[in-house]
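J.: pasting a predicted model and its sequence here:
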Amino acid sequence: MKFVAAVFCLAFAASVHATSIARAKTVVNVLQDLGTENTLIALVQKAGLVSALEGKGPFTVFAPSDAAFAALPKELVKTLEANVTLLTEVLEFHVAPGTALSTDLKNNLLVPSLAGPKIRINIYDTSEPTVITAEGAPVISPDHTASNGVVHVIGQVMFPVPMGTVVDIAVGDKDFSTLVTAVSKAGLVATLSGEGPFTVFAPTNAAFAKLPAGVLDGLLKNVTALTNVLTYHVLPGAYYQAGLRNGDMLKTVQGMDVTIMSKAGGDMVNDAKIEAQVSGTNGVIQVIDTVLIPPSMHYELTYN
């Protein structure tokens, strides 16, 4: 019996020791164990951030998978690798102080990052499965706990949010000059520069150029009609592409719904293709290739 008891004690002690070792794994060890974070680990090493992430913390790491990095343009990856300052800023934007499990994340929560700019969290739970995004990047594998924090695997690489509202971003992009003129003419600059959050389906200059002859000039001369069209492009709340689902009908600020459709070529809002998305401090811009016309105005603008 004494021998059996001794063996049991040794086995129990070994189990406790193994558990202790498991609990002592830092977020860096967790990233290594996942097996999907080789690119991130290599970049963390290049930026000299390993010892920091092995520190006391705690940290919440939004960790892009290898596939997420592989989806980036090769030239962008080369730029990051060649510029340690920029690389460090991007990597630190993926780390928040504190431990935030998925159950701690709330819709429109703004989480401070180690880089400074805040990470916008969104939760889309209108249907199964619930989608959690960080700056639009879907959380594909959450809650990998470590001794000094937690790792959430994400499906896209995040970049620090431009320091400005959705209006500031549009003003700074020459491809939105027609939209900026229209928003200013309608007196919507102050509204869209507010706290939000907003989703702006933003037509490019090329999208406005596709309108029938005379329609844009007519809108710019009729502030009521122009406002009606522009507010049909705005949703209350931040809707990133990862949270848009086929068949969603979303109410615009104008009052009527737009419909989301997923096709082989990408997501659509009504008959406009969503070409890209850009985060701002008060929401998100979804770049579209066609101007959205409220159904109540379609005949009037198209045929008159």
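T.: Received the coordinates, thanks. Residues are numbered from 1 along each chain as shown.

J.: okay, now the unreliable bits of this protein?
T.: Where the chain drops to pLDDT under 70, the residues are 1-23, 126-128, 161-163, 298-304.

J.: can you give me the helices in the stretch 151-300 of the chain?
T.: Read by DSSP state H, counting those that start in this stretch, the stretch 151-300 of the chain holds these helices, from start to end of the chain: 166-171, 177-185, 189-192, 205-209, 215-221, 223-231, 298-303.

J.: single out the most deeply packed of the ones you listed.
T.: Highest mean neighbour count among these (mean count of other C-beta atoms under 10 Å): helix 166-171, with a mean of 22. Glycine gets a C-beta too; all of them are placed from N, C-alpha and C.

J.: ok now it, how far from the chain's centre?
T.: 17 Å (C-alpha atoms, centre = their mean, to the nearest Å).

J.: just the strands in the chain please.
T.: Shown for the chain, the strands assigned by DSSP state E span residues 59-64, 95-97, 109-112, 118-124, 131-134, 137-146, 149-154, 198-203, 234-236, 249-251, 257-263, 266-269, 272-280, 283-288.

J.: out of the helices of the stretch 151-300 of the chain, which gets nearest to Thr290?
T.: helix 205-209 (5.3 Å; C-beta to C-beta).

J.: most centrally placed residue in the protein?
T.: Per C-alpha atoms, centre = their mean, the C-alpha nearest to the average position across the chain is that of Gly136, at 1.6 Å.

J.: okay, now Asn83: neighbour count?
T.: 12 (other C-beta atoms under 10 Å).

J.: list phi and psi for it.
T.: Backbone torsions of Asn83, given as degrees, to the nearest 10, read phi -120, psi 90.

J.: for Gly266, see how far away the residue nearest to Gly265 when sequence neighbours are not counted is.
T.: Distances taken as C-beta to C-beta, 6 or more residues apart in numbering place Lys273 nearest to Gly265, at 6.9 Å, with adjacent residues excluded. Taking C-beta to C-beta, to the nearest Å as the measure, Lys273 falls 6 Å from Gly266.

J.: these two: who's more crowded?
T.: Just comparing Lys273 and Gly266: by other C-beta under 10 Å the higher neighbour count belongs to Lys273, 16 against 11.

J.: still on that earlier bit, quick one: contacts for the residue nearest to Gly265?
T.: Lys273 makes contacts with Gly265, Gly266, Asp267, Ile288, Asp289, Thr290, as judged by C-beta atoms under 8 Å, 6 or more residues apart in numbering.

J.: neighbour-wise, which one of the residues you listed leads?
T.: Ranked by neighbours (other C-beta under 10 Å), the contacts of Lys273 are led by Ile288, which has 24 neighbours.

J.: ok, it - contacts?
T.: Ile288 neighbours (C-beta under 8 Å, 6+ apart): Phe201, Ala202, Pro203, Thr204, Ala207, Val269, Ala272, Lys273, Ile274, Glu275.

J.: between those, which is nearest Lys74?
T.: Glu275 (20.5 Å).

J.: wait, the closest one sits on Asp289?
T.: Yes - at 5.8 Å, Glu275 and Asp289 qualify as touching, with contact defined as C-beta atoms under 8 Å.

J.: next one: phi and psi at Ser147?
T.: phi -70, psi -20.

J.: surely Gly187 touches Leu230?
T.: No - using C-beta under 8 Å, Gly187 makes no contact with Leu230, being 10.1 Å away.

J.: quick one: Met249 from Asn270, how far?
T.: 11 Å.

J.: tell me which of the two has more neighbours.
T.: Asn270 (17 against 9).

J.: so which of the strands of the chain is nearest Thr88?
T.: Using C-beta to C-beta, those put strand 95-97 closest to Thr88, at 10.8 Å.
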